[in-house]
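S.K.: heads up, no residue letters with this:
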Ligand SMILES: Cc1ncc(COP(=O)(O)O)c(C=O)c1O
């Protein structure tokens, strides 16, 4: 049975998997100890739970449990990686290379670093959203200490060539950090094979709770260090002080375990639904899928419906929770900077919707989304003078618009 509204905004956040909630419950009730209390059973119990979660996460991304630093989420992990490396390696250099399409949780710390005297190169992406590896290599100077390139984009799902990027970093003796918030738990991520030195991720994007995440920090070849951004009791090997969020960490661990176990089957089912949604919606005249469809997460589709306002379209499909642009920037009505970076006009960027599916999405929900988006686009276009002109074959580029 179909329950409305339908949630298709799983890149903003995912629902909590009931199996994760079940694992967390004891640590929110009677097993409430502080993992740093070394002198009684309450503390040992909590510490044991945290250690187990570290193992579950390490198994998912192929690292040692000791390489996991728990944080409050990917925003904190991004800040810790960028500012922490900038401070720790100040004697080596002050230059960081990143992409214009990164999440604000990377771009804003980069701006902060610039204010602190650092230099940041923001590389453009191509029309598919992909990095240009030649430009990356050319941007490297003898002052470059870090390359920060996201694993997969939150708006269009495009996956960057991580292994090629890490090989370039390695060749030049530079650290490689990736914000993998959208990738971990969704596609296989292997920090060893991928050559990653630091990696940020978050529980609430992989069916875990909000307010907890992690930073992977390599301990061998090379041994990477970051300067703590939170000083205090010296938790997490001195890199992140603060009492650990034990229930959250248990939830992240369980979410990682489930992801490892269910990823293949989930991906197959979700990708089939995403492809059907996309196939159907692109039968709408003048609709375009944004970003690479070859190198992309299995559960995302970002589509522009020309001559339709994305915000208006969202109102037209009130029973569908989708997003026009990133949830984190949707307070502003600026066209998405990610879509603009692909070369889209303001109008096309404004006319886009992001569909994000999850392991809980059903075929009935996809049927509903297809029907209702088609209907809403048709209705809105009926009201659009631009659409009318397009249908009459008037070349819209030849019209001189009044300045205002
Ligand atoms: C790519 C990316 N990085 C970072 C974040 C921030 O994550 P958190 O909400 O865990 O702070 C998000 C969330 O939207 C994201 O998609």
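M.R.: Structure's in. What do you need? None of these values were measured; they are calculated from a predicted model.
S.K.: Any figure for the gap between residue 246 and residue 70?
M.R.: Separation of residue 246 from residue 70 (Cβ to Cβ, to the nearest Å) stands at 10 Å. In this view, the C-beta of every residue, glycine as well, is placed from N, C-alpha and C.
S.K.: shared neighbours of these two, which are they?
M.R.: Common contact partners of residue 246 and residue 70 (Cβ atoms under 8 Å, 6 or more residues apart in numbering): residue 50.
S.K.: can you give me the strands in the chain?
M.R.: 6-7, 68-71, 95-99, 119-123, 144-148, 175-179, 198-202, 213-217, 287-289, 300-305, 320-321, 352-356 (DSSP state E).
S.K.: buried set for the fourth one?
M.R.: Looking back up the chat, that one is strand 119-123. Of all the residues in strand 119-123, those buried under the rule 16 or more other Cβ atoms under 10 Å are 120-121, 123.
S.K.: Make JSON lines out of the strands of the chain and add distance to the ligand and mean pLDDT.
M.R.: Conversion of those to JSON lines gives the following (distance: least, Cβ to the nearest ligand atom, whole Å; pLDDT from 0 to 100):
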{"stretch": "strand 6-7", "distance to the ligand": "16", "mean pLDDT": "98"}
{"stretch": "strand 68-71", "distance to the ligand": "9", "mean pLDDT": "98"}
{"stretch": "strand 95-99", "distance to the ligand": "11", "mean pLDDT": "98"}
{"stretch": "strand 119-123", "distance to the ligand": "16", "mean pLDDT": "98"}
{"stretch": "strand 144-148", "distance to the ligand": "11", "mean pLDDT": "98"}
{"stretch": "strand 175-179", "distance to the ligand": "5", "mean pLDDT": "98"}
{"stretch": "strand 198-202", "distance to the ligand": "3", "mean pLDDT": "98"}
{"stretch": "strand 213-217", "distance to the ligand": "5", "mean pLDDT": "98"}
{"stretch": "strand 287-289", "distance to the ligand": "19", "mean pLDDT": "97"}
{"stretch": "strand 300-305", "distance to the ligand": "11", "mean pLDDT": "97"}
{"stretch": "strand 320-321", "distance to the ligand": "15", "mean pLDDT": "96"}
{"stretch": "strand 352-356", "distance to the ligand": "10", "mean pLDDT": "96"}
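S.K.: could you dump those strands to a markdown table with distance to residue 58?
M.R.: Formatted as a markdown table, the strands of the chain follow (distance: least, Cβ to Cβ, whole Å):
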| stretch | distance to residue 58 |
| --- | --- |
| strand 6-7 | 30 |
| strand 68-71 | 6 |
| strand 95-99 | 27 |
| strand 119-123 | 31 |
| strand 144-148 | 23 |
| strand 175-179 | 17 |
| strand 198-202 | 12 |
| strand 213-217 | 9 |
| strand 287-289 | 36 |
| strand 300-305 | 26 |
| strand 320-321 | 33 |
| strand 352-356 | 27 |
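S.K.: Please identify the deepest-packed of those.
M.R.: strand 198-202 (a mean of 30; mean count of other Cβ atoms under 10 Å).
S.K.: So which other helices or strands are in contact with it?
M.R.: helix 74-88, strand 175-179, strand 213-217 (3 or more Cβ pairs under 8 Å, 6 or more residues apart in numbering; DSSP states H and E).
S.K.: That strand to strand 144-148, inter-axis angle?
M.R.: Interaxial angle of strand 198-202 relative to strand 144-148 (axes from the mean of the first three to the mean of the last three Cα atoms, to 10 degrees): 30 degrees.
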